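Engineer: generate a structure from the sequence data that follows.
(chains A and B, ligands or ions: 1)
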Amino acid sequence: MAAIDYPLQRPKAEPGEFSFSETLYKWVATVDHKRLGLMYVASALIFLIVAGIMATVMRVQLMFPNGHVVGPDTFNRLFTMHGTSMVFLVGMPMVAGFANYLVPLMIGARDMAFPRLNSFGFWIFLLGGLLLYYSYLGGGGLSGDGSAPDVGWFAYAPLTERGFSRGHSSDYWALGVLVSGFGSIASAINVIATTFCMRCPGMTLKRMPMFVWVMLIDSWLIVVALPPLSAAQVMLLLDRYLGANFFNTQNGGSAVLWQHYFWIFGHPEVYILIFPAFAILSEVIPIFSRKPLFGRPAMVAAVVAIGFISLGVWAHHMFAVGMTSWSNTFFAASSMLVGIPTGIKIFNWTATMYGGRLRFTTALLFCCGFLFQFLLAGLTGIMLAVAPFDWQLHDSYFVVAHFHFTLVGGLVFGLFAGMYYWFPKAIGKMLDETLGKWHFWLFCIGFNLTFIPLHFAGMLGMPRRIYTYAPGRGWELWNFVATIGVFFQIAGILFFIYNVLRSTLRGQPATDDPWDGWTLEWATSSPPPEYNFEKLPVVRSSRPLWDLKHPQDPDWKWE
Amino acid sequence: MAHGHLVAEDALTMERQWKLPDRGTVGIVFLIVTESVLFSMFVIAYLIYLNKSLVGPYPKDVLELPILASICLLSSSGAIVFAEHALKHNRLGSFKLWWAVTILLGAYFLWATAVEWRKLIFEDHLTIATNLFGTTFYSLVGLHASHVIVGLIFLTIVFVLTLLGFPIQTQLRRVLFLSWYWHFVDAVWVIVFTVVYIIGLPR
Ligand SMILES: [Cu+2]
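Structural biologist: Residues are numbered from 1 along each chain as shown, chains lettered A, B, ... in the order given. Next up is the predicted model:
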């Protein structure tokens, strides 16, 4: 039995006392995928708090008509920095962080394919983030014009051209995001090479955990969808610094070209951001339903389909720009098409829970929240894919509500599920379940209180990005309730922060396999040693730990 | 127990026969994929802005076909194949020769681009700011030229290391990946040439 008794020889991380500078050096100079993954997630959480505070200020400003907490200029900077941070400095590093930490463990590898490239990716991402925030200090430039970027997260030309955006604010936006994009591409290539080349013996693509499959397709999307944004940003910088004319409408350039390039990136980007949640749900739901994932081949097919169809739907963000009817029809149809694989996924997660022995841990609660909210987000998405409907509600709060339902109701709920699920593995301590439930319910109630009313405000004609509004348009109630919801969300987040700090310091120690898991990360110690596995595992089915725990009824007999 | 024994046997064979693609290969292939998308964006911009310049000079007034430079760059792809072949068979002298030829051909291409740009800027007064042709021409050709520069830097590093006596035959894989990158840069030139000097130059 020598070759398959791998989990029985669980290596233990050796305890050691290190001084502060030694610890700092260990973290800064590390090429270990687990440390880099944790650093990605930690910096994403810090940016999440910063960008969340910005959102709070905006919601307080809009709580009552004629609000004057901040002026219009500050408000423009707030929504730009909020959006840019949430997408590029929270969503993207969460993708990289979760993939980095989990992919090598799940495929039974000792590290990523290119550990040093991995560390480069993290630090260049962080540099990009700091560059963006440095704009608050340096954005004025020598003439003192401008501060942080104020052009919106999609930075439409010609607003970003020299003539309309003086100072350096748009330069910091373009450079910061460009540089952090290099980090994302580096980490995506790394994940692809890792999944193809580092799998342990027996881990065929067919047996690969669903999480790894989703992150593989996610990385594919990053590799093909980020360069259009990088290209557009290089063009913008050429316009701004060398006087090129790409988006200079006065010299024949086209502002619509920016929109196309931005959204060729921008639509796949929303799938890039939501995929980690898909990946997490596909692991967490089966474990807490005690059933294998329903329709696994269909799930793989759906995620691959999304990986291609989502590349051809971008212009549904541009229905109001005045494209030809043919383009409008094509992009409306393709946008609805991408709803089909997404529907398959929701159906399969629900079917996995159906008839299962459910354990409503905090992680599963967040998954349930995801299922409800992401379904609603999908339905409003289908509505917005209908071009005439979009003409009516384009750039209104209905759109804001729609994409916050996908990215907060979907992605953030998925990420929290993942954090509650893998925290014991990464830190070696259990997160407190009671505090976790407080976190879930406060956050869930707050989220819905905030974003359901915004659909109605949008349908009543409230445009996005206005810094205030006059009374008497029927928007007061919706805005008031939305801001009340924010305080519930903040309370939920405070419970989360408290829970993380308390559990890290003196939480209940986690066993190696607290949830009775089936994938390989639970076969090593919590937290895993630097080399992950003392002996590389050998795998015979898609649930290697099930096989080990049930030698009389292993999966490989049926697969 | 007999059954368990069978499993262990299977696992051992599986471990022994387990073969996966080389990580360097996969890495370089996806680097080329992402670079291709980057180049396509600049190619598309060139095509979209073709004949859209509001003021001259226009392509037909100023562009001359860089025939010799193109021949040099494309034949450098052949030279690097010979170099690689020589290295594989441990013929270091021949490797150094063909590697030097590759570098010289690439450098000549770069020099020809510099001469072309000098003429365009100082004689024809076409800069990146003049019109859409200038904007798209300099950015597309410049993006390609910057890739040639990166390639030449790496080629030169390998060459200098070899001259200093570094056992380059131990780095066969890395040399191979560098040559793939170089082939990619050459292939991109075929597209740039077609777009800029054939489609973009109606006769
Ligand atoms: Cu979209």
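Engineer: what about residue B:156, neighbour count?
Structural biologist: Per other CB atoms under 10 Å in any protein chain shown, the neighbour tally for residue B:156 reads 14. For glycine as for every other residue, the C-beta is placed from the backbone atoms N, C-alpha and C.
Engineer: contacts only, for it.
Structural biologist: Contacts here follow CB atoms under 8 Å, 6 or more residues apart in numbering or on different chains; on that basis residue B:156 touches residue B:103.
Engineer: can you list the weak-confidence ranges in chain B?
Structural biologist: Flagging of chain B using pLDDT under 70 yields the residue ranges B:1-11, B:203.
Engineer: ignore what I typed, I meant the stretch 51-200 of chain A.
Structural biologist: Counting by pLDDT under 70, the ranges of the stretch 51-200 of chain A that qualify are A:141-146.
Engineer: alongside chain B, which residues does it contribute?
Structural biologist: Selection of the stretch 51-200 of chain A residues close to chain B by CB under 8 Å from any CB of the partner chain yields A:113-114, A:117, A:185, A:188-190, A:192-194, A:196-199.
Engineer: 10 Å instead?
Structural biologist: A:112-114, A:117, A:185-186, A:188-200 (CB under 10 Å from any CB of the partner chain).
Engineer: ok, the stretch 201-350 of chain A next?
Structural biologist: Taking CB under 10 Å from any CB as the measure of proximity, the stretch 201-350 of chain A contacts chain B at A:201-204, A:219-220, A:222-232, A:234-235, A:238-239, A:241-248, A:250-254, A:256-257, A:260-261, A:264-265.
Engineer: how about 6 Å then?
Structural biologist: Within the stretch 201-350 of chain A, the positions lying close to chain B (CB under 6 Å from any CB of the partner chain) are A:201-202, A:223-224, A:227-228, A:231, A:238, A:242-246, A:252.
Engineer: so which strand or helix has residue 54?
Structural biologist: Picking chain A for this. Per DSSP states H and E: residue A:54 is located in helix A:33-61.
Engineer: okay, now the unreliable bits of chain A?
Structural biologist: By pLDDT under 70, the low-scoring segments of chain A are A:1-16, A:141-146.
Engineer: just the buried ones among the residues of the stretch 201-350 of chain A next to chain B, please.
Structural biologist: A:201-202, A:223-224, A:227-228, A:231, A:238, A:243-246, A:252 (16 or more other CB atoms under 10 Å in any protein chain shown).
Engineer: rebuild these as TSV, extending it with distance to residue A:501.
Structural biologist: Shown next, in TSV, are those (distance: CB to CB, whole Å):
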residue	distance to residue A:501
A:201	40
A:202	40
A:223	37
A:224	40
A:227	40
A:228	40
A:231	42
A:238	46
A:243	52
A:244	50
A:245	53
A:246	48
A:252	57
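Engineer: keep only those of those residues that are in strands.
Structural biologist: Taking DSSP state E, every one of those sits outside strands.
Engineer: take those residues and keep only those in helices.
Structural biologist: A:223, A:224, A:227, A:228, A:231, A:238 (DSSP state H).
Engineer: just the CA coordinates of stretch A:353-372, formatted as PDB?
Structural biologist: Only the C-alpha atoms of stretch A:353-372 are listed here, as PDB (Å, rounded to 0.1, in the frame of the first residue of the first chain):
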ATOM      1  CA  MET A 353     -28.400  20.900  -2.500                       C
ATOM      2  CA  TYR A 354     -31.700  19.200  -3.400                       C
ATOM      3  CA  GLY A 355     -32.000  16.100  -1.300                       C
ATOM      4  CA  GLY A 356     -28.700  16.600   0.400                       C
ATOM      5  CA  ARG A 357     -27.900  16.400   4.100                       C
ATOM      6  CA  LEU A 358     -27.500  20.100   4.500                       C
ATOM      7  CA  ARG A 359     -25.200  21.600   7.200                       C
ATOM      8  CA  PHE A 360     -26.100  25.300   7.400                       C
ATOM      9  CA  THR A 361     -22.600  26.600   8.300                       C
ATOM     10  CA  THR A 362     -21.800  30.200   7.700                       C
ATOM     11  CA  ALA A 363     -20.100  29.200   4.400                       C
ATOM     12  CA  LEU A 364     -23.300  27.500   3.100                       C
ATOM     13  CA  LEU A 365     -25.400  30.400   4.200                       C
ATOM     14  CA  PHE A 366     -23.300  32.800   2.100                       C
ATOM     15  CA  CYS A 367     -23.700  30.300  -0.800                       C
ATOM     16  CA  CYS A 368     -27.500  30.400  -0.400                       C
ATOM     17  CA  GLY A 369     -27.400  34.200  -0.400                       C
ATOM     18  CA  PHE A 370     -25.400  34.000  -3.600                       C
ATOM     19  CA  LEU A 371     -27.900  31.800  -5.300                       C
ATOM     20  CA  PHE A 372     -30.900  34.100  -4.600                       C
END
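Engineer: what's around residue B:75, how many residues?
Structural biologist: 14.
Engineer: could you find the closest non-adjacent residue to it?
Structural biologist: Closest residue to residue B:75 apart from its sequence neighbours, by CB to CB, 6 or more residues apart in numbering or on different chains: residue B:105 at 6.0 Å.
Engineer: the one you found is in what secondary structure piece?
Structural biologist: Applying DSSP H and E, one finds residue B:105 within helix B:92-122.
Engineer: what's downstream of that helix, the next helix or strand?
Structural biologist: Heading C-terminal from helix B:92-122, the first helix or strand you meet, by DSSP H and E, is helix B:132-163.
Engineer: buried ones in that following helix?
Structural biologist: Going by neighbour count (16+ other CB under 10 Å), the buried part of helix B:132-163 is B:132-141, B:143-145, B:147-148, B:151-152, B:154-155, B:158-159, B:162.
Engineer: near chain A, which of those residues show up?
Structural biologist: For chain A, the contacts drawn from these by CB under 6 Å from any CB are B:132, B:135, B:139.
Engineer: and the stretch 401-550 of chain A, which residues reach chain B?
Structural biologist: By CB under 6 Å from any CB, the residues of the stretch 401-550 of chain A that approach chain B are residue A:538.
Engineer: show me what residue of the stretch 401-550 of chain A gets nearest to chain B.
Structural biologist: Across the stretch 401-550 of chain A, the shortest distance to chain B (CB to the nearest CB) belongs to residue A:538, at 4.4 Å.
Engineer: hmm, residue A:204 and that residue touching each other?
Structural biologist: No: the pair residue A:538 / residue A:204 is not scored as a contact, 12.0 Å apart, by CB atoms under 6 Å.
Engineer: who has more neighbours, those two?
Structural biologist: Higher neighbour count among residue A:538 and residue A:204: residue A:538, with 22 against 13, using other CB under 10 Å.
Engineer: residue B:76 versus the more buried one, what's the distance?
Structural biologist: Relative to residue B:76, residue A:538 is positioned 46 Å away (CB to CB, to the nearest Å).
Engineer: please apply the same query to residue A:440.
Structural biologist: 61 Å.
Engineer: could you find the closest non-adjacent residue to the closest residue to chain B within the stretch 301-450 of chain A?
Structural biologist: Taking CB to the nearest CB, chain B has its nearest neighbour within the stretch 301-450 of chain A at residue A:311, 10.2 Å off. The spatially closest residue to residue A:311, leaving aside those adjacent along the chain, is residue A:268, at 5.7 Å (CB to CB, 6+ apart).
Engineer: near residue A:420, how many other residues are there?
Structural biologist: Residue A:420: 26 surrounding residues under other CB under 10 Å.
Engineer: just say helix, strand or coil for it.
Structural biologist: Counting by DSSP: H, G, I helix; E, B strand; the rest coil, the backbone at residue A:420 sits in helix.
Engineer: name all residues that make contact with it.
Structural biologist: Each residue near residue A:420 by CB atoms under 6 Å, 6 or more residues apart in numbering or on different chains is listed here: A:362, A:363, A:431, A:436.
Engineer: mind checking how far residue A:468 is from residue A:52?
Structural biologist: 21 Å.
Engineer: before we move on, what about residue B:193?
Structural biologist: 51 Å.
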